[in-house]
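Student: Give the three-dimensional model of this entry:
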Amino acid sequence: MAPFFIGKEIAINCWSEIPNLEDYVHFYTQVNVNSTSVPEGLFARIRPIYTSSFVAWYLLTNLGAHKDSFKTIEFGVEHTLHKNEREITFEFVTSNSLQPYFMILFKNEMGDELFAGNCKFTKETLSIRSILPYLSSKSLKNLYFDGTYMNCPRIPSADQIEHSIITTIKAHKRKIVYISANILGNENILCIIAQAINKKIQVCPEKFAVLGKLGLSKYFTIEPSTTYIRTIDYSQISIKKSIRRNKLLGPSVTIVLSLNAFLANEEHREEFTKNGIFFFPLTSLNTPSELQFIKQIQTRDYVLVNHLTPTLNGSSDISPECTTKNDKTYRYKPFHLRRYSKCKTYNGKLKKELMKCEPDYWLSWTDYLQWRRKQCNS
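Tutor: I've put the predicted structure just below:
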């Protein structure tokens, strides 16, 4: 997870050493779920890290961070601090009560900026008190968000995926249903499933603690004997392991909630389905249907902050079916490149259609640092 910078003073989600580390005010809006521990040496140098109570709790509980590393901020309360003789005014904005990550609204004389990162946009997002002014009377200077899948218009919406999952579960109600889930992630969809099926979902104790911290524990249990819907770690998903579980515990189906897994196993989808393993293209990032809500927020510039990108011979012409126009297969993979692009607006309307936006340039981490210094000095 590479950090993102706003101006010369603000660094967001810095997880590794960078030049002039102490020159920034540091914010954490999300957790690096791929890490098994926190970089204590780094945290000691950049403290205090401004974050939410949930993110601080998760890093303390699951990754061994030190409590002195963080300063937790309440949502909806304006704060002001000073760095390098500059005044920084900001407010933490919750994106969704079922989503552990959040946005940051920076306020200054040059124009307000909203860092949304990979927070999902929904109708509820547009009803948040801090967002409402930017739907009508005010305009942002910059809106930073992840648009990884903005060029994939045929990726199903979250509502469509939820309906398909619930239909699949109801069709196999006499079987044990295993749903893929890590310690952090998919809280929203799990709650929706539990409410639709009217049955608690069994999770591991660590996941139950996360759900309890988010106020969602009433939909879950840690006792597998009390429910036929249970979560399973992604590492336990394979045809051989599924057959073994069926022999030990009885007939079952496995629901895999992952766009990456959906694409990576395209060639063997039929074989997986025969063995009761169903893949659904669910992503924690915004789908094209969710990105449509962003258009309702008034801003001069949209700035893309992408963490994943499809790669094949340098091409960016992709489809959710994982094929190009000449039917060559794509594979998604995370890597250490970041895409930065701006879509100019004119009179409150996009000069480019948001769905058709292409990246202006590709930057390695080193190249980005050089580009950023030039921008700050210009």
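Student: So for stretch 105-120, what gets flagged as buried?
Tutor: 105-106, 112-120 (16 or more other CB atoms under 10 Å). Where you see a C-beta, it was placed from the backbone N, CA and C, and this is true even at glycine.
Student: To clarify, my last question referred to stretch 293-307.
Tutor: 293-294, 297-307.
Student: now the buried residues of stretch 105-120 as CSV including pLDDT?
Tutor: Below are the buried residues of stretch 105-120 laid out as CSV (pLDDT from 0 to 100):
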residue, pLDDT
L105, 95
F106, 95
D112, 92
E113, 93
L114, 93
F115, 93
A116, 90
G117, 85
N118, 82
C119, 86
K120, 84
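Student: Inside strands: which ones of those residues?
Tutor: Members of these lying in strands (criterion: DSSP state E): 105-106, 113-117.
Student: which one of these sits closest to P205?
Tutor: Proximity to P205 was ranked across those by CB to CB; first place goes to G117, at 28.6 Å.
Student: beta partners of the closest one?
Tutor: Counting by DSSP bridges, G117 forms beta bridges with F145.
Student: Isn't it up against N286?
Tutor: No. Judged on CB atoms under 8 Å, G117 makes no contact with N286 at a distance of 10.4 Å.
Student: between the two, what contacts are shared?
Tutor: Between them, G117 and N286 share these contacting residues under CB atoms under 8 Å, 6 or more residues apart in numbering: 145-146.
Student: In this structure S95 contacts I104, no?
Tutor: No. Using CB under 8 Å, S95 is not in contact with I104, being 10.8 Å away.
Student: a markdown table for the ones in strands among the buried residues of stretch 105-120, including distance to G76?
Tutor: Output for these, formatted as a markdown table (distance: CB to CB, whole Å):
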| residue | distance to G76 |
| --- | --- |
| L105 | 10 |
| F106 | 15 |
| E113 | 17 |
| L114 | 14 |
| F115 | 16 |
| A116 | 16 |
| G117 | 18 |
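Student: Helices of the stretch 151-300 of the chain, residue ranges please.
Tutor: Assigned by DSSP state H, counting those that start in this stretch, the helices in the stretch 151-300 of the chain fall at 158-171, 187-197, 205-213, 239-249, 259-264, 269-274, 288-291.
Student: Looking at these, spot the one closest to E74.
Tutor: It's helix 205-213; of the helices of the stretch 151-300 of the chain, that one is closest to E74 (CB to CB) at 15.5 Å.
Student: That closest one: which residues count as buried?
Tutor: 207-211.
Student: before we move on, what about stretch 215-234?
Tutor: Result for stretch 215-234 [16+ other CB under 10 Å]: buried residues 216-217, 219-221, 227-232.
Student: now do stretch 188-195
Tutor: 188-194.
Student: Which one of the helices of the stretch 151-300 of the chain lies nearest to K71?
Tutor: So among the helices of the stretch 151-300 of the chain, helix 205-213 is nearest, using CB to CB, at 18.3 Å.
Student: coming back round to it: biggest separation within the buried residues of stretch 293-307, which pair?
Tutor: Q298 and H307 (25.6 Å).
Student: Tell me the pLDDT of the residue nearest to A261 when sequence neighbours are not counted.
Tutor: The shortest distance from A261 to any non-neighbouring residue, by CB to CB, 6 or more residues apart in numbering, is to F279 (5.7 Å). For F279, the pLDDT comes out at 93.
Student: what's the answer for L363, then?
Tutor: Predicted confidence (pLDDT) for L363: 36.
Student: still on that earlier bit, just curious, which of the buried residues of stretch 105-120 is nearest to L249?
Tutor: Using CB to CB, the buried residues of stretch 105-120 come closest to L249 at K120, 34.0 Å.
Student: Any stretches of the stretch 251-378 of the chain with poor pLDDT?
Tutor: 306-378 (pLDDT under 70).
Student: rerun that using 90 as the cut-off
Tutor: The model of the stretch 251-378 of the chain has pLDDT under 90 over residues 258-270, 282-296, 298-378.
Student: Show the contacting residues for the residue lying farthest from the centre of the chain.
Tutor: Relative to the centre of the chain, the most outlying C-alpha is that of K247, 36.2 Å out, by CA atoms, centre = their mean. Listed by CB under 8 Å, 6+ apart, the contact set of K247 is empty.
Student: Phi, psi for R129 please.
Tutor: Per-residue torsions, R129: phi -50, psi -40 (degrees, to the nearest 10).
Student: Next, count neighbours for the residue nearest to it when sequence neighbours are not counted.
Tutor: Of all residues not flanking R129 in the chain, G76 sits nearest, at 6.6 Å (CB to CB, 6+ apart). Neighbourhood size, G76 [other CB atoms under 10 Å]: 13.
Student: Ok, S136 next?
Tutor: S136, neighbours per other CB under 10 Å, totals 9.
Student: Chain neighbours aside, what residue packs nearest to it?
Tutor: Q298 (7.7 Å).
Student: So the one you found is in contact with K138, correct?
Tutor: Yes. Counting by CB under 8 Å, Q298 does reach K138; the two are 7.0 Å apart.
Student: and stretch 199-214, how far apart are its ends?
Tutor: 19 Å (CA to CA, to the nearest Å).
Student: Touching that stretch from outside, list them.
Tutor: 54, 57-58, 61-62, 97-98, 100, 179, 181-184, 187, 190, 193-194, 217, 219-224, 226-231.
Student: that older thread, how about TSV for the buried residues of stretch 215-234, with distance to Y144 added?
Tutor: Converted to TSV, those look like this (distance: CB to CB, whole Å):
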residue	distance to Y144
L216	28
S217	33
Y219	32
F220	33
T221	38
T227	40
Y228	42
I229	37
R230	38
T231	32
I232	35
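Student: who's in contact with S289?
Tutor: 157-158.
Student: can you check I12 too?
Tutor: 3-6, 26-29, 104, 115, 117.
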